[in-house]
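Chemist: the following comprises the amino acid sequence and a computationally predicted model.
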Amino acid sequence: MNRLLVALLAAVDALVAASVGVAAALAPLTVLWVFGLGGGADWGALWPASVRVWQLGQLVPLLITLPPEYLNATGIPAAAATFWLSLAPLAFTVFTAVFAARSGARAARAGAWAVGVVAGTVVTAVIAWLLWRTSSNPIAAVYGWQALVLPTAVFAVPALGGALVGAWRAGDDGLVDAVRGRAERDPRWAGVSEAAARGIGIAVAGFVGVGALLVAVATVLRGGQVIALFEASHVDIAGGALVALAQLAYLPTLVVWGGAFAAGPGFSLGVGATVSQAATTVGVLPGIPALGIVPESVSPWMLVSVLLIVGVGFAAGAAARARVHARGVAPGDEPSAPRLSVLAAIVIGGAAGAALLAAVASGSIGPGRLGEVGPAAGAVALAVGLELLVGAAIALFGPVRGIRGDDRTRDGRGEGAAPWAAPVSPTGRDASSPRRAAVLPHWVAEHGEEADPAPAHGHDVDPSPARGNEQDTDQQDTEQFDPADLDPLAGLGSDDDADRRR
């Protein structure tokens, strides 16, 4: 595909990603402005507020400064008038990242992944600059460099990752193919890179899946508490819908918290308030309905949830081992060095992915003790790394069923026929064909007749004499059978009975 066309399509992808994100914030805020604020609404503040929500979803911290009239109306002390709001609604982040990864993969399939990534990144930076310059807001301020760099990075990093994966699969006749060629030069290390990538992906996805499972279970078990907090908020229909949408935007954040809880370190809900398997000290929490799923206390049996992350490590190691085997080597006899490399990649990559998720799912939601909310990235990385190490090591270095290559089964294949190399029959046919070879009874084999291999692909042998002289030669060397020799019941009687039947 033409490079200019690839650049244009990548630019459109970046524009759509930013537009949809801003629109997702603008639409509910417009409803609030119409039905909640009525005729006294300041419509000039609608656009800056929408842009600030989008920027917060792109990991940009907001410096909140409450006006004096609001402090007087609510009784909030002046010391709490200024604080940082940095806990991001990760639904916006996930949408941008997924859209960017797909854009990079499409550019790679088109044969110009570098052009696509650069074009999308540049357009995202321009859009971020325009949104920052058109959204002056004295209540929620941002630093200019953060408003430019962080949204650009949220698009650029996944776009680059998707482009590299796509180029690795489809080829690019350039840098990626050169790296892949060097990586696959040694047959013993041919599948290490793909096995490591697959294992890391399963490890990170498993961490997120375990967190989602815990959030779903907690929502079912503590749904009554969530409803009670909704009722205690005394909001109208528009306000309730806005609160529900805001909580959906923070649902991926809660999922990461669930993964951190399953791993062991847990997460913090403010200074001195922790939720983990070992101990839970909640204290006074904001009246946010979604926080109703947080338990006041936990059972010691919750420590068993650590095995979920260990199971994720086992699944990652098993999937990697299926691709890391050396060519021509039976399972269980592979060299240890490639498997050690894959194990290290799964542990380090999975721990780094969990740490990154924990970092973006933590931040500040208010003044004072609410300045530290979410999981600690370092603790989560250490715990997840150790648990992945246990599970992946069992899968990568555990024993496999022993196989003897000289044994043969009825269909002519060895008991230990390698799954990666289908045996070939002496006639050149693939022995893995679903039609098995014919097995003659032992009383036929005793007369020295040798079974002809089964016809391939289910075609019947033509019984007509079409083989000429070769058939005549075979008939001369073949002895005529008595019908009694083919009787399967003949062996049940005595030798005298057999002689009489003859």
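Modeler: Ah, there it is.
Chemist: may I ask which helix or strand of this protein has the lowest mean pLDDT?
Modeler: helix 442-445 (a mean of 42; mean pLDDT, DSSP states H and E).
Chemist: before we move on, which element is the residue nearest the centre of the chain in?
Modeler: Residue closest to the average C-alpha location in the chain (Cα atoms, centre = their mean): Ala205, at 3.4 Å. Secondary structure from DSSP states H and E places Ala205 in helix 192-221.
Chemist: heading C-terminal from that helix, find the next helix or strand.
Modeler: helix 223-233.
Chemist: okay, buried residues for that following helix please.
Modeler: For helix 223-233, the neighbour count (16 or more other Cβ atoms under 10 Å) marks 225-226, 229-230 as buried. Every residue, glycine included, has its C-beta placed from N, CA and C.
Chemist: helix 192-221 and that one, what's the angle between them?
Modeler: Helix 223-233 runs at 70 degrees relative to helix 192-221, counting by axes from the mean of the first three to the mean of the last three Cα atoms, to 10 degrees.
Chemist: so how far is helix 223-233 off the chain centroid?
Modeler: 33 Å (Cα atoms, centre = their mean, to the nearest Å).
Chemist: do the same with stretch 344-362
Modeler: The answer for stretch 344-362 is 13 Å, by Cα atoms, centre = their mean.
Chemist: next, the buried residues of it.
Modeler: Buried, per 16+ other Cβ under 10 Å, within stretch 344-362: 345-362.
Chemist: alpha carbons of it, as PDB, please.
Modeler: C-alpha atoms of stretch 344-362 as PDB (Å, rounded to 0.1, in the frame of the first residue of the first chain):
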ATOM      1  CA  ALA A 344      12.600 -15.400  32.800                       C
ATOM      2  CA  ALA A 345      10.700 -13.500  30.100                       C
ATOM      3  CA  ILE A 346       7.300 -14.600  31.500                       C
ATOM      4  CA  VAL A 347       8.300 -13.700  35.100                       C
ATOM      5  CA  ILE A 348       9.800 -10.300  34.200                       C
ATOM      6  CA  GLY A 349       7.300  -9.400  31.500                       C
ATOM      7  CA  GLY A 350       4.300 -10.500  33.600                       C
ATOM      8  CA  ALA A 351       5.500  -8.600  36.700                       C
ATOM      9  CA  ALA A 352       6.300  -5.500  34.600                       C
ATOM     10  CA  GLY A 353       2.800  -5.600  33.000                       C
ATOM     11  CA  ALA A 354       1.200  -6.000  36.400                       C
ATOM     12  CA  ALA A 355       3.300  -3.100  37.800                       C
ATOM     13  CA  LEU A 356       2.300  -0.900  34.900                       C
ATOM     14  CA  LEU A 357      -1.400  -1.600  35.400                       C
ATOM     15  CA  ALA A 358      -1.000  -1.000  39.100                       C
ATOM     16  CA  ALA A 359       0.700   2.300  38.500                       C
ATOM     17  CA  VAL A 360      -2.000   3.700  36.100                       C
ATOM     18  CA  ALA A 361      -4.700   2.400  38.500                       C
ATOM     19  CA  SER A 362      -3.500   4.400  41.500                       C
END
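Chemist: number the chain from 411, please
Modeler: Happy to do that; since the first residue is 411 now, the last one works out to stretch 754-772.
Chemist: give me the contacts around it.
Modeler: 469, 497-498, 500, 503, 606, 609-610, 613-614, 617-618, 662-663, 666-667, 669-670, 673, 677-678, 723, 726-727, 730, 782-788, 790-792, 794-795, 798-799, 802 (Cβ atoms under 8 Å, 6 or more residues apart in numbering).
Chemist: the stretch 711-860 of the chain: strands as residue ranges?
Modeler: 783-784 (DSSP state E, counting those that start in this stretch).
Chemist: the stretch 411-560 of the chain too?
Modeler: 472-475, 492-495, 550-551.
Chemist: partners of the second one, with directions?
Modeler: Which is strand 492-495. With DSSP bridges as the test, strand 492-495 is paired with strand 472-475 (antiparallel).
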